[in-house]
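Enquirer: Would you be able to build a 3D model of this:
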Amino acid sequence: MPVAPSVIVVNSLVARGSVGGRASCFVLERLGFPVTFVPTVLLPWHPGHGPGTRIVVGPALLADVAGAPGGPVAGCLTGYFGDASQVAAAERLVAGLRAKGGALVLCDPVVGDAGRFYVGEEVRTAVRALARRADIVTPNRFELAFLAGTESLADNAALVAAARSLGRPEVVVTSAFAAAGETANLLVTPDAALAVVHRQVPRAPNGTGDLIAALYLGRRLGGAAPQAALVRAAGATLRMVEMADGAAELPLAAGQAAFAEGDPAIRVEVIG
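Expert: The predicted model follows:
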């Protein structure tokens, strides 16, 4: 039997919860991809739930994965990093995948949100460099401003310009600007930009960024075009957030059918 192409996930690991690598791996495996998971930090739970033990995994684990023999790799998703040396190891991993050809690399630049960084300067500077080597980058508005080297972005036109300044084939900006009562994700390519808009759900749980990044990559690896991939990823994320019903965690196991269903209440707006 031929070996199915796998996806390498480099992300955080919580003992309890549905964020970071727990979300990334669950989604990609549910979509049919074998996953090689490289944890960057070990945590008891999302830091928003309170202080807890934090163990940073040495970069040697990434080096082992990069040098290990194995079957074909379809894609790679990077998320949260606990140390700049891990980012350097991830860059070497990406370079090796590039040399073999074919792997789609998504960088979710998890460095901050809502005006606040939650990784140090050395880590976020390294992540900025890694993002410029990816095929797909999935920042929120605050992260995009950092990646583009600007202090603030006032509207979707500014988001488009900043996204294109990264020089990447596909940028998905989460938390884009939208009308009252709505939320949007922005897809920016070198020659097109569109917003995928849907109703806003109050009190979204932790992990939606991890969820939509993995869903988008899974759909792209499955052959969907960028717009179709984002529509399905945004729709599935919306359904999952609604199922959470104000809880702090995404109901990944209970709501996994949403990964395949998506949501019909999605509107696509051309930005430019």
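
Enquirer: tell me, how many neighbours does residue 144 end up with?
Expert: Residue 144 has 28 neighbours, counted by other C-beta atoms under 10 Å. Where you see a C-beta, it was placed from the backbone N, CA and C, and this is true even at glycine.

Enquirer: For whatever helix or strand it lives in, the averaged confidence score.
Expert: If you go by DSSP states H and E, residue 144 is part of helix 141-148. Mean pLDDT, helix 141-148: 97.

Enquirer: Lowest-scoring secondary structure element of the chain by mean pLDDT?
Expert: helix 258-261 (a mean of 81; mean pLDDT, DSSP states H and E).

Enquirer: I'd like the C-alpha coordinates of the helix or strand that it is followed by written as CSV, please.
Expert: Sequence-wise, the next helix or strand downstream of helix 258-261 (DSSP H and E) is strand 267-270. Taking C-alpha atoms only, strand 267-270 is exported to CSV below (Å, rounded to 0.1, in the frame of the first residue of the first chain):
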residue,chain,number,x,y,z
ARG,A,267,-20.4,36.1,2.1
VAL,A,268,-17.4,36.8,-0.2
GLU,A,269,-16.5,40.4,-1.0
VAL,A,270,-13.9,41.4,-3.5
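
Enquirer: Who are the packing partners of strand 267-270?
Expert: Counting contacts by 3 or more C-beta pairs under 8 Å, 6 or more residues apart in numbering; DSSP states H and E, strand 267-270 packs against strand 192-199.

Enquirer: Just list what whichever helix or strand comes after the strand it packs on packs against, helices and strands only.
Expert: As assigned by DSSP H and E, the chain's next helix or strand after strand 192-199 is helix 208-221. In terms of contacts (3+ C-beta pairs under 8 Å, 6+ apart), helix 208-221 is packed against strand 6-14, helix 21-30, strand 73-78, strand 104-107, strand 136-137, strand 170-176, helix 226-244.

Enquirer: What lies in contact with the longest one?
Expert: Spelled out, that is helix 226-244. The contact list for helix 226-244, computed with C-beta atoms under 8 Å, 6 or more residues apart in numbering, reads 170, 172, 185, 187, 189, 194, 196, 198-199, 201, 204-205, 208, 211-212, 215-216, 219-220, 224, 250-252, 254-255, 258-266, 268.
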